[in-house]
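K.L.:
Need coordinates for the below:
(2 chains)
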Amino acid sequence: MNRAVRKVLNQALTSCRATPCIQHPVWASVSQRQYKSMPTHGIGRWRHLLPKEAPKKKKDRHQMKQIMSATETAYGTLNVKVSGFDMTVVEHYSQYIHNLCNRFGIKVAECYALPTKSTEVMLMQEQGTKMYVDSILKTHERVVQLSSLNAALCPVFMEVILKNQPEGVQLSMKEHTEADYHARFKARPELEGLMAQIGQ
Amino acid sequence: MASRGLVRFVSRVSSSGLRPLSSTSVCRATLQNKHVTDKATSPWTLMAAVCLQRLPVISSDLSPIEQQFKHMLSQMELEKSMLSDHELRLLEDKERMSRKQANDYDSDDEDGRGDQDIVLTQDLEDSWEQKFKSFQPAPRVRADVDENLTSPERCLADSLLLLVEQQVGGQKMWLLPQTQWQEGETLRQTAERALSSLSGAGFKATFLGNAPCGVYKYKLPKAIRTESSVGTKVFFFKAILSDSSRPAAPTSPFLWVTKGELQRYLKPAYMAKVDRFIPQV
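P.N.:
Sure thing, here's the model as predicted:
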């Protein structure tokens, strides 16, 4: 009886393998399991159509952007520094300069803020020699870095900026140097100590 | 775009006899030859003028709509804002006072600073109010200084332009300070010379660039016109006044005028060209 059952089973299996399975045309190139039977399976797939991206490294050390040098017709990397006591006015003015550069077609390399500096105003007391803290003034600084400024456009740009400078805000334009870039980072005394030890 | 317009203007200028600056010696030799041949044929006298501006010192007054909007915005910000440290301390003090006045007050229950009662926050605020009341700000608009046309401190909310009265072709007229271009100097140096010589020694200015911002072409009347002198071309350079120290002794009468008053002093054709590069502000 077992032999008869086995024969029947073998016949069933061979009959299954003989019939050709329906190959969906989309699945022909894919090595995934085709266990989904709906004809529209995978109809919304799009990520396989995008170009392959290199995997992004998580710990990416911030590299300094290339400092452009001045050519005959254009200035190099310039820093437009806006500083003042009133943060809203300083920020709005730096945003205004950034938008103006976008409209004029001047490329803005970076736009960052320098740390706030606090100044304590100490007054002498009326009776006695002790100084007491009268107020704390905070100086806010924002920098808009332009990668290159055309020398013919410079006078127009400067005039618009100067004419719209608000009260209580100081403007300065300087060339960008490596020292300026490194001044943004905090000093690491223990690292420097270790490096000095290695050097010795 | 402004940059494209200016580049087109610069190329037009260079084709009309202005000697372009270049750094290679070969280029300079060929240019000099070209210039010598040009000089023989160019009938225009070149002059450079300086458009010296004093920037506005204070912001202009707000229009009624701007005032209403500002008022509405400040109200909205006040309603949305959180209490500051000072205001929180005021509330705490009030609470403590009310607790002290209660009959079952026990000072050991207090868990705050001991010296709160010596200087109350309200007293601090009152002393600040007193100091603010005693502060006198300078007036924004002074009518007598506004009337004086020679003072660079008039009309602090507008930008001012320097005008000088010069003798041009036998006629005295008001225009931007200009002198004739000489051999061997750039047009910008001519403009700097015009500023220092004509309007007294006291004006320290920063020039905004090497490119001129405008040009005025003047053809001499047919009677005087000859083969070698057809007319003059005046190139304008923009400069910003860096400090407003009074000149010791002005060599010629000068004026500081706003854009609205410019029409009264300049000739119409000249005014039309100058108008193009003076912004509305």
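K.L.:
Flag every residue of the stretch 151-281 of chain B that's near chain A.
P.N.:
With the criterion set to CB under 8 Å from any CB of the partner chain, the stretch 151-281 of chain B comes near chain A through B:159, B:208-211, B:213, B:238, B:240, B:279, B:281. (Each C-beta comes from the backbone N, C-alpha and C, glycine too.)
K.L.:
rerun that using 6 Å as the cut-off
P.N.:
Counting by CB under 6 Å from any CB of the partner chain, the stretch 151-281 of chain B comes close to chain A at B:208-209, B:211, B:238, B:281.
K.L.:
tell me the contacts of the residue of chain A found nearest chain B?
P.N.:
Going by CB to the nearest CB, chain B is nearest to residue A:155 of chain A, at 3.6 Å. Neighbouring residues of residue A:155 by CB atoms under 6 Å, 6 or more residues apart in numbering or on different chains: B:208-209, B:238.
K.L.:
Okay, it and residue A:98: tell me how far apart.
P.N.:
Using CB to CB, to the nearest Å, one gets 20 Å for the distance from residue A:155 to residue A:98.
K.L.:
Around chain B, pick out the residues from chain A.
P.N.:
Near chain B, when you scan chain A using CB under 6 Å from any CB, you find A:152-156, A:158, A:162-163, A:167.
K.L.:
which non-adjacent residue is nearest the residue nearest to the spatial centre of chain A?
P.N.:
Nearest to the geometric centre of chain A sits residue A:110, at 9.2 Å (CA atoms, centre = their mean). Using CB to CB, 6 or more residues apart in numbering or on different chains and skipping the chain neighbours, the partner closest in space to residue A:110 is residue A:145 (4.3 Å).
K.L.:
Now do the same for that neighbour: its pLDDT.
P.N.:
On the pLDDT scale, residue A:145 is placed at 95.
K.L.:
Can you get me a residue count around the closest residue to residue A:169 other than its chain neighbours?
P.N.:
Excluding its sequence neighbours, the residue lying closest to residue A:169 (CB to CB, 6+ apart) is residue A:84, at 4.1 Å. As a burial measure, residue A:84 scores 21 neighbours (other CB atoms under 10 Å in any protein chain shown).
K.L.:
who's residue A:84 bridged to?
P.N.:
For residue A:84, the residues forming beta bridges with it (DSSP bridges) are residue A:140, residue A:169.
K.L.:
about what we covered before: do you know how far the residue nearest to the centre of chain A is from residue A:77?
P.N.:
Distance from residue A:110 to residue A:77, counting by CB to CB: 9 Å.
K.L.:
just residue B:66 next, same as before
P.N.:
When distance is defined by CB to CB, residue B:66 is 37 Å away from residue A:77.
K.L.:
Compare those two (neighbour count), which wins?
P.N.:
Regarding residue B:66 and residue A:77, a neighbour count based on other CB under 10 Å identifies residue A:77 as having more, with 22 against 10.
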